[in-house]
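Visitor: Have a look at this prediction, sequence included:
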Amino acid sequence: MDNIAAIDDPYLLLRVATERLNAAQQEVTELARLRRRVIQELHSQGMSYAQIAEKAGLSRGRIHQIRHTGPAPEGAFLGIGSVTVVTPLRHDAATGRSMVALDDMRAGKRLEDLARTFGLTVATDNVTVDGQIDLNRPGLLVICGPRMSDAMRTAYDSDPVIHWDRDGIGWKLVDTRTGQEYRSGSQLDPAQPTDSAFLGRLPRPDGNG
């Protein structure tokens, strides 16, 4: 704090203070999530909230307050602090420009809204028309099929349970444990206005996350 206050350049001070405040706010959010998760886990193991309060040296009222404050622990599945929702760009032959398909846009918006309900800060990005994306970044939530990007196809191959496969009808998801297949409704006969997708956590190509 003293080091920041000692900065002479007011613009640099403003930037550094803002960055530090953002980091502190993210830390507060994640600590609140962690407290709530620990209480839930202890309670699910059979401890009463009174017992948890006694062991932690807190009042029962404080324990009950913590149970209902802070983001839900499940949000850690999506990321920590801030996430980036990524949707694929497609070439629009009519205009000659790149665009995001309506279905991808809607899916991206729903994922953004979900992330925000867990107290996460949300940014957006795109997979390029030729399928390029830098996956060696933290907090990526990518909406993109294997046909649209070689990088994503390779990433999906690392999933130990759900695999993408392709046959004469088109792409499909396969649960390798059960053999169950999931397809787009447009591939069914008769066609249905549905689609299949899954949420998974995949390792970065560089192995650092």
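Guide: Great, that's in hand.
Visitor: and the longest helix for the protein?
Guide: helix 10-44 (DSSP state H).
Visitor: Quick one: work out the angle between the following helix or strand past that one and helix 10-44.
Guide: Under the assignment DSSP states H and E, the closest C-terminal helix or strand after helix 10-44 is helix 49-56. Counting by axes from the mean of the first three to the mean of the last three CA atoms, to 10 degrees, helix 49-56 points 120 degrees away from the direction of helix 10-44.
Visitor: pLDDT (mean, whole number) over the helix or strand that helix 49-56 is followed by?
Guide: The C-terminal neighbour of helix 49-56 among helices and strands, as given by DSSP H and E, is helix 60-67. Helix 60-67 comes out with an average pLDDT of 89.
Visitor: Not counting its own residues, what contacts stretch 180-188?
Guide: With contacts defined as CB atoms under 8 Å, 6 or more residues apart in numbering, stretch 180-188 is touched by 169-175, 191-196, 198. No exception for glycine: its C-beta is placed from N, CA and C like everyone else's.
Visitor: redo that, cut-off 7 Å
Guide: Here stretch 180-188 makes contact (CB atoms under 7 Å, 6 or more residues apart in numbering) with 169-170, 172-174, 191-196.
Visitor: Once you drop chain neighbours, what's closest to the residue nearest the centre of the chain?
Guide: By CA atoms, centre = their mean, the mean C-alpha position of the chain lies nearest to residue 78, the distance being 3.0 Å. Of all residues not flanking residue 78 in the chain, residue 115 sits nearest, at 5.4 Å (CB to CB, 6 or more residues apart in numbering).
Visitor: Just the CA coordinates for the strand or helix carrying that neighbour, please, in CSV.
Guide: In this structure, residue 115 sits in helix 102-117 according to DSSP H and E. Output in CSV follows, covering the C-alpha atoms of helix 102-117 (Å, rounded to 0.1, in the frame of the first residue of the first chain):
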residue,chain,number,x,y,z
LEU,A,102,-27.1,-16.8,-33.7
ASP,A,103,-27.0,-20.1,-31.9
ASP,A,104,-23.4,-19.5,-30.8
MET,A,105,-24.3,-16.0,-29.7
ARG,A,106,-27.2,-17.2,-27.6
ALA,A,107,-25.1,-20.0,-26.1
GLY,A,108,-22.3,-17.5,-25.3
LYS,A,109,-24.8,-15.1,-23.7
ARG,A,110,-26.2,-17.9,-21.5
LEU,A,111,-22.7,-18.9,-20.4
GLU,A,112,-21.8,-15.3,-19.6
ASP,A,113,-24.9,-14.9,-17.5
LEU,A,114,-24.2,-18.2,-15.7
ALA,A,115,-20.6,-17.1,-14.9
ARG,A,116,-21.9,-13.8,-13.6
THR,A,117,-24.3,-15.5,-11.2
